[in-house]
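Visitor: With the sequence up front, the predicted model follows.
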Amino acid sequence: MAGDEYPVLQLRPGREFAILRGHPWVFSGAFRELPPAIPPGSVVDVVAANGEWVARGQLAPRNSLAFRVLTLDPQETIDEAFYVRRIERALALRRLLPADLDAYRVVNAEADFLPGLIVDRFADVLVAQLHTAGAEAHRRPIVAALQQVLAPSGILLRNDVKVREREGLAFGAATVAAGEVPESVEIVEHGVRYLVDPYHGQKTGFFLDQREKRYFVGGLAPHFASLLNCFSYSGGFALAALANNPTLRTVNVDSSDAALDLARRNYTLNGHDLTRHEFVALDANRYLHEAAAAGQTFEIVVVDPPAFAKNMGMKERALRGYEALNFAATHVVAPGGLLLTCSCSGAVAVEEFEAAVQQGFLRADRVAQLVASFGPSLDHPTLPGFPEDRYLKALLYRLVS
């Protein structure tokens, strides 16, 4: 399709400046008109109020977030070759990752200039999420481009992300888009072996965005004797620590029996004696309160909960939740111990998260030092001027007293 064949939508005066400054979204109120006849997911051109061409991208005419930028080049056609170029560019960044891992995010949606598309690599298998009607509409060229660039043994599409429903897309079971995808995939991360459940595991099967934090905690583990891993999922933080200190006593807490079963399998895979460690199927908040009441303490405590706020309307409640959770966590951190606390709530800024955590410390009468903070990692980049994309925050504290 030639560039002048895409439907053209006009912005209200001044509304092009956000795009020109690098923001990849345009909301419905910025347009003079959104013709309902244009199907969701269509590629359209956007022009300024004076008719000057601005961008080409995906349209969601019935959504508040109506337009996502694909390209600022009017000569660039959105076809399979386009996706090949974008994926190759994304892969060039991932080649900077350490050689001792075989799992990483290949495509991180808007940050890799492919809105609505998430692709994670687990060994020779790809697991993708198509979040938007635009990505879904281009499922075939996207899959073909992934095959061409990465030559995986299989590609799995996870259709069980709730955001698909907001785009009017089908929500359901994972489907194999190409090749073969086994029920379990083994990956290696800095010498630690993990089993990934690509069909049913949380997110795409593994929390790749916490890799750097796992590595950092693992490097500190030889100085400590015990670790509590709350919201543990498949045991990632504990296993990274055990790789550097096999004598460490670990407790993994998760409300999901399936997650803890996967954690046990990962312990066995790495040669750890299950009888020396605990796997507790319990709500993490309840565990923290019961452990504190029993006088239990740990030298490293990791608190990595699911998102408390998925939109701005939930932010205040989320901040109260973070304060309460970290208040409870402080009661089981030994003096001189470490607390790694995380938030994956995109609606909560890092300054707000830190303030909520600090309020929890004050309520608990604990004195802390902030010794490290973490944001986006190399394979989870974000765009300048696009704070909406910076969902993950992690703060490492030393509890002095």
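Guide: Cool, got the structure.
Visitor: C-alpha only now, for contacts and for neighbours.
Guide: OK.
Visitor: buried residues in the one helix or strand in the chain whose mean pLDDT sits lowest?
Guide: Every helix and strand of the chain was ranked by mean pLDDT, DSSP states H and E. The lowest is helix 163-166, at a mean of 87. Residues of helix 163-166 classed as buried: residue 164 (neighbour count, 16 or more other Cα atoms under 10 Å).
Visitor: Can you give the distance from it to the centre of its chain?
Guide: Taking the mean of its C-alpha atoms, helix 163-166 sits 17 Å from the chain's own mean (Cα atoms, centre = their mean, to the nearest Å).
Visitor: what's next to the lengthiest strand in the chain, contact-wise?
Guide: The longest strand of the chain (DSSP state E) is strand 333-343. If you take Cα atoms under 8 Å, 6 or more residues apart in numbering as the criterion, strand 333-343 is touched by 297-308, 326, 329-330, 353, 391-401.
Visitor: Report the buried residues of the helix or strand just after it.
Guide: Counting by DSSP states H and E, the next helix or strand C-terminal to strand 333-343 is helix 350-364. Within helix 350-364, the residues scored as buried using 16+ other Cα under 10 Å are 350, 353, 354, 356, 357, 358, 359, 360, 361.
Visitor: other SSEs contacting helix 350-364?
Guide: helix 315-330, strand 393-399 (3 or more Cα pairs under 8 Å, 6 or more residues apart in numbering; DSSP states H and E).
Visitor: what pLDDT, on average, does that helix get?
Guide: Here helix 350-364 scores 97 as its mean pLDDT.
Visitor: Report the angle between that helix and helix 315-330.
Guide: Angle, helix 350-364 to helix 315-330, by axes from the mean of the first three to the mean of the last three Cα atoms, to 10 degrees: 50 degrees.
Visitor: middle-most residue in the protein, spatially?
Guide: Most central in the chain under Cα atoms, centre = their mean is residue 209, positioned 5.6 Å from the mean C-alpha point.
Visitor: what sits against it?
Guide: Contact analysis of residue 209 by Cα under 8 Å, 6+ apart lists 376, 377, 379, 380.
Visitor: if we go to 7 Å?
Guide: 377, 380 (Cα atoms under 7 Å, 6 or more residues apart in numbering).
Visitor: Could you pull out the helices in the stretch 201-350 of the chain for me?
Guide: Assigned by DSSP state H, counting those that start in this stretch, the helices in the stretch 201-350 of the chain fall at 211-220, 236-244, 257-269, 284-293, 315-330, 350-364.
Visitor: could those helices go into TSV alongside distance to residue 86?
Guide: Shown next, in TSV, are the helices of the stretch 201-350 of the chain (distance: least, Cα to Cα, whole Å):
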stretch	distance to residue 86
helix 211-220	24
helix 236-244	31
helix 257-269	34
helix 284-293	40
helix 315-330	34
helix 350-364	30
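Visitor: Tell me which of those helices sits most buried.
Guide: Sort these by mean neighbour count, taking mean count of other Cα atoms under 10 Å, and helix 236-244 sits at the top with a mean of 24.
Visitor: between that helix and helix 257-269, what angle do the directions make?
Guide: On the basis of the same axes, to 10 degrees, helix 236-244 is oriented at 10 degrees to helix 257-269.
Visitor: re earlier: quick one: name whatever helix or strand follows the least confident helix or strand of the chain.
Guide: Downstream of helix 163-166 (by DSSP H and E), the next one is strand 175-179.
Visitor: From the contact counts, what lies against that next one?
Guide: Strand 175-179 is packed against strand 154-157, with contacts defined by 3 or more Cα pairs under 7 Å, 6 or more residues apart in numbering; DSSP states H and E.
Visitor: remind me which residues of the stretch 101-250 of the chain are low pLDDT?
Guide: The stretch 101-250 of the chain contains no residues with pLDDT under 70.
Visitor: Show me the strands in it, by range?
Guide: 103-108, 117-122, 125-130, 154-157, 175-179, 185-189, 192-196, 226-230, 249-254 (DSSP state E, counting those that start in this stretch).
Visitor: Include distance to residue 29 and mean neighbour count when you put those strands into a markdown table, please.
Guide: Output for the strands of the stretch 101-250 of the chain, formatted as a markdown table (distance: least, Cα to Cα, whole Å; neighbours: other Cα atoms under 10 Å):
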| stretch | distance to residue 29 | mean neighbour count |
| --- | --- | --- |
| strand 103-108 | 27 | 24 |
| strand 117-122 | 25 | 23 |
| strand 125-130 | 25 | 25 |
| strand 154-157 | 33 | 22 |
| strand 175-179 | 36 | 15 |
| strand 185-189 | 45 | 17 |
| strand 192-196 | 42 | 21 |
| strand 226-230 | 42 | 25 |
| strand 249-254 | 43 | 23 |
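Visitor: Now render the ones you listed as TSV, adding distance to residue 214.
Guide: Listed next are these as TSV, based on distance: least, Cα to Cα, whole Å:
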stretch	distance to residue 214
strand 103-108	14
strand 117-122	17
strand 125-130	22
strand 154-157	26
strand 175-179	30
strand 185-189	10
strand 192-196	11
strand 226-230	11
strand 249-254	14
